[in-house]
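Student: A predicted structure for the sequence below; I have some questions about it.
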Amino acid sequence: MGDYRLLRNSGVVVGIILLHLFSFASLVSSDELQFVVGETGEIQVTPSLEVKGSPGLKPDRTVLCERIHIHGLRRFKHIDKYAHSLKLVVNASTAGKTSSIDVCFHRNLSRAIGMCPHSRWEKASKGSWVQTMSPFDHKILDVRVASSNKVTLEVSAVEELFMYRIIFLILGAVLLASASTLSQSLAFYYSSAMAVGIILVVLLVLFQGMKLLPTGRSSFALFIYSSLLGLGGFLLRYIPGLFQSLLTEMGIDEEMYTPVAIFVGAFLSLGGAFFGFWTVRKLILTEDGSIDVSTSLFVSWSIRIMAAVLILQSSVDPLLAGGALISVILMSLTLKRITRLKFLLRLYEIPLNLLLGIWEAIRDADIPSVPGYLHDFMRKSPDASEFRNRVTFASPSGGVNNGMRESPPSESDTFPSSFHKTPERSQLTKEEWKKLTKDSTTKAVQELVSSPDFGKWAAVNADRISVTPRKGSSSTNRPRKWLRWF
């Protein structure tokens, strides 16, 4: 009882302490400047807190500092801003542009104002500082001014939408969902290899053709730099001029530019396509023409890694990007299982419908009855007793309906129907169904092997008969998947 009271009193004391701490934190935060994304357009800040000994400055130097709390949006409430980024801008007044202004952008609440490490301070160029952040993030902006005069700072934020991030998300989701299909598709290997081959052949021709120009291969370096920087407009103007310079150096007239350009383009395309085709035949395909299993596994995981990188780059906010990656993985796995289930159902539906149609055709077929005189002959003749015991025909005189009489099957030959609704049929368990199929297959194989015709056929076709290894031995040679669900 005493231990219970002591524990209860300790809990009350801890609760009171935490309540005081939270109230103190709220009082402190209420006095500090706050910038709420989406609500605050801009705020005017005048650093007035004197701080001595700020890192990066002389110990006895006093600077004016101020702290601003940046509060971002709620992620689930503003999910439509997934591909947005927030540009935070700090501008000094006209009088403060000559002053030395430093900005520290961090999220450490325990750090005192103006006490950021020396490496974290960034100087405002000409009184202006710009930084990009996630619109959902919460950060702290510390500002210090190395001047005795007070300087007014204007803090604003601009939201920007980047369409390429949405393209990254869609492309990454498609690649992640179709990685297994692409890694097993010959069309994907051939098209990719041919495209890469064409690019390599074009680059090789350009590299060799730069020798004919007066500037040498420096033009090729310019071409590479422009490609890396994505200057498409420059390339559209640069490549035709380069081609004309090459033709002029080779002594070809201007009238032949278009035919030669078409011929060279077709030749380079065919050469690159042949190079890619040869690469696929030599490095990817096996001797029987199928795709190598190890290569397919490597390509599938490479596609998944590239897709994951694209999805992670689709948003500035790492939490949203990670959530999008997990969601796409779960969706792709679900779609894969649903598609596989539909395919299996469709695969089994076709033969079942075919068998059902055959059964209905046999059941509805009109079997001609045996004439009366032939029936009497078979009934009276002792020579036909053996045949009569084996086959019994229907007779109109006997009062039996037209058709063939069937004796009830024995217990061992009774098989449950898979498409008829029989009241006496009981639902088989998975183990019973497996045992039934195994016993039926074993019995059928035994009857086949015991027949004399099978022995003759096996002797003639011995070179064509092959025995597949057991499941235990085949699993050792098969490359193991890295993850079962992929």
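Tutor: Nice, I can see it.

Student: what's the domain layout of this protein?
Tutor: Listed by automatic domain parsing, the domain ranges of the chain are 31-161, 167-324.

Student: what sits up against stretch 266-285?
Tutor: 186, 189-190, 192-202, 205, 291-292, 295 (C-beta atoms under 8 Å, 6 or more residues apart in numbering). All C-beta spots, glycine's among them, are computed from the backbone N, C-alpha and C.

Student: mind running it again at 7 Å?
Tutor: Stretch 266-285 is contacted from outside by 189-190, 193-194, 196-198, 200-202, 205, 291-292, 295, using C-beta atoms under 7 Å, 6 or more residues apart in numbering.

Student: Drop the exposed ones from the residues you listed and show what's left.
Tutor: Buried members of these, counted by 16 or more other C-beta atoms under 10 Å: Tyr189, Tyr190, Ala193, Met194, Gly197, Ile198, Val201, Val202, Ile291.

Student: three-state assignment of Leu64?
Tutor: Assigned by DSSP: H, G, I helix; E, B strand; the rest coil, the conformation of Leu64 is strand.

Student: picking that back up, mind putting the buried ones among the contacts of stretch 266-285 into a markdown table with distance to Glu249 and pLDDT?
Tutor: Shown next, in a markdown table, are these (distance: C-beta to C-beta, whole Å; pLDDT from 0 to 100):
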| residue | distance to Glu249 | pLDDT |
| --- | --- | --- |
| Tyr189 | 38 | 86 |
| Tyr190 | 36 | 85 |
| Ala193 | 33 | 85 |
| Met194 | 30 | 83 |
| Gly197 | 27 | 82 |
| Ile198 | 24 | 81 |
| Val201 | 20 | 77 |
| Val202 | 18 | 74 |
| Ile291 | 45 | 84 |
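
Student: Would you reformat these as JSON lines and include secondary structure and distance to Leu175?
Tutor: Formatted as JSON lines, the buried ones among the contacts of stretch 266-285 follow (DSSP: H, G, I helix; E, B strand; the rest coil; distance: C-beta to C-beta, whole Å):
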{"residue": "Tyr189", "secondary structure": "helix", "distance to Leu175": "15"}
{"residue": "Tyr190", "secondary structure": "helix", "distance to Leu175": "18"}
{"residue": "Ala193", "secondary structure": "helix", "distance to Leu175": "18"}
{"residue": "Met194", "secondary structure": "helix", "distance to Leu175": "19"}
{"residue": "Gly197", "secondary structure": "helix", "distance to Leu175": "22"}
{"residue": "Ile198", "secondary structure": "helix", "distance to Leu175": "22"}
{"residue": "Val201", "secondary structure": "helix", "distance to Leu175": "26"}
{"residue": "Val202", "secondary structure": "helix", "distance to Leu175": "26"}
{"residue": "Ile291", "secondary structure": "strand", "distance to Leu175": "18"}
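
Student: Out of those, which comes closest to Arg61?
Tutor: Val202 (60.2 Å; C-beta to C-beta).

Student: Roughly how far does that closest one sit from Asp80?
Tutor: Here the criterion is C-beta to C-beta, to the nearest Å. By it, Val202 lies 42 Å from Asp80.

Student: End to end on stretch 90-104, go ahead and measure it.
Tutor: 12 Å (C-alpha to C-alpha, to the nearest Å).

Student: At which residues are the helices of the stretch 151-300 of the chain located?
Tutor: Using DSSP state H, counting those that start in this stretch, the helices of the stretch 151-300 of the chain run over 163-177, 179-183, 186-209, 218-229, 232-249, 257-283, 293-312.

Student: buried residues in the longest one?
Tutor: Read that as helix 257-283. Residues Val260, Leu268, Gly271, Gly272, Ala273, Phe275, Gly276, Thr279, Val280 are the ones in helix 257-283 that count as buried (16+ other C-beta under 10 Å).

Student: does Ile68 sit in a helix, a strand or a coil?
Tutor: Applying three-state DSSP: Ile68 is strand.

Student: what sits against it?
Tutor: Leu33, Phe35, Val45, Leu141, Val155.

Student: Can you verify my assumption that Ser183 contacts Phe298?
Tutor: No. Assessed by C-beta atoms under 7 Å, Ser183 is found out of contact with Phe298, at 8.3 Å.

Student: For the residue lying closest to Ala308 once chain neighbours are set aside, give me the pLDDT.
Tutor: Leaving aside its sequence neighbours, Ala308 sits nearest to Leu325 (C-beta to C-beta, 6 or more residues apart in numbering; 5.9 Å). pLDDT recorded at Leu325 is 92.

Student: Which helix or strand contains Leu325?
Tutor: Per DSSP states H and E, Leu325 falls inside helix 318-364.

Student: Could you count how many residues lie near Thr334?
Tutor: 10 (other C-beta atoms under 10 Å).

Student: Any figure for the gap between Ala459 and Ser245?
Tutor: 77 Å.

Student: C-alpha coordinates for stretch 141-159, PDB please?
Tutor: What follows is stretch 141-159, C-alpha atoms only, in PDB (Å, rounded to 0.1, in the frame of the first residue of the first chain):
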ATOM      1  CA  LEU A 141      15.700  31.200 -39.100                       C
ATOM      2  CA  ASP A 142      18.400  33.000 -37.000                       C
ATOM      3  CA  VAL A 143      19.500  36.400 -38.300                       C
ATOM      4  CA  ARG A 144      22.400  38.500 -37.000                       C
ATOM      5  CA  VAL A 145      23.500  41.900 -38.100                       C
ATOM      6  CA  ALA A 146      27.100  43.100 -37.400                       C
ATOM      7  CA  SER A 147      26.100  46.700 -37.100                       C
ATOM      8  CA  SER A 148      25.300  49.100 -34.300                       C
ATOM      9  CA  ASN A 149      22.400  50.600 -36.300                       C
ATOM     10  CA  LYS A 150      19.200  48.800 -36.500                       C
ATOM     11  CA  VAL A 151      18.300  47.200 -39.800                       C
ATOM     12  CA  THR A 152      14.900  46.200 -41.000                       C
ATOM     13  CA  LEU A 153      14.600  42.800 -42.700                       C
ATOM     14  CA  GLU A 154      11.700  41.600 -44.800                       C
ATOM     15  CA  VAL A 155      10.900  37.800 -44.700                       C
ATOM     16  CA  SER A 156       8.600  36.400 -47.300                       C
ATOM     17  CA  ALA A 157       7.900  33.000 -48.900                       C
ATOM     18  CA  VAL A 158       6.900  32.000 -52.400                       C
ATOM     19  CA  GLU A 159       5.400  28.600 -53.300                       C
END
